[in-house]
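> Here is the input, now give the coordinates:
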Amino acid sequence: MERKLLTKRGLALYKLRGALVEPVLGQVKEGQGFRRFMRRRLGAVQSEWSLIGMTHSLLKLWRSGEAPWGWAKAGWN
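Model (predicted):
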């Protein structure tokens, strides 16, 4: 790894890791408590992951206050 990081190409490739989806997976695991799929087979898992991704995005929108129905608009906060 040290040898790879000494090259310009290796350093550029290593910097791309920050743009990967790994942080999102960690946020979903920690924030939503998602540890394993409840359904089997590829189609079922894909639909479950789509639902998890959608809820993750909706929660981000809610917390940002940008959603018209979000945290900033709620009367009880």
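
> What's the local residue count around the nearest residue to Ser47 once chain neighbours are set aside?
Spatial nearest neighbour of Ser47, excluding adjacent residues (C-beta to C-beta, 6 or more residues apart in numbering): Arg39 at 7.7 Å. C-beta here means a position set from N, CA and C on the backbone, and glycine is covered the same way. Number of residues near Arg39 (other C-beta atoms under 10 Å) recorded here: 11.

> OK, contacts around Arg39?
Residues near Arg39 by C-beta atoms under 8 Å, 6 or more residues apart in numbering: 45, 47-48.

> just curious, which of the residues you listed is nearest to Glu30?
Of all the contacts of Arg39, Glu48 has the smallest distance to Glu30: 18.2 Å, by C-beta to C-beta.

> Which secondary structure element is home to that closest one?
Assessed by DSSP states H and E, Glu48 sits inside helix 42-64.

> buried stuff in that helix?
Buried residues in helix 42-64, counted by 16 or more other C-beta atoms under 10 Å: 56, 62.

> wait, Gly10 sits on Lys4?
Yes. With contact defined as C-beta atoms under 8 Å, Gly10 reaches Lys4; the gap is 3.6 Å.

> So for the two, which residue has more residues nearby?
More crowded of Gly10 and Lys4, by other C-beta under 10 Å: Gly10, with 14 against 11.

> In three-state terms, label that one for me.
Under DSSP: H, G, I helix; E, B strand; the rest coil, Gly10 falls in the helix class.

> What separation is there between the spatially most central residue of the chain and Arg35?
For the chain, the residue nearest the mean C-alpha position is Val24 (2.2 Å; C-alpha atoms, centre = their mean). Using C-beta to C-beta, to the nearest Å, Val24 is found at 15 Å from Arg35.
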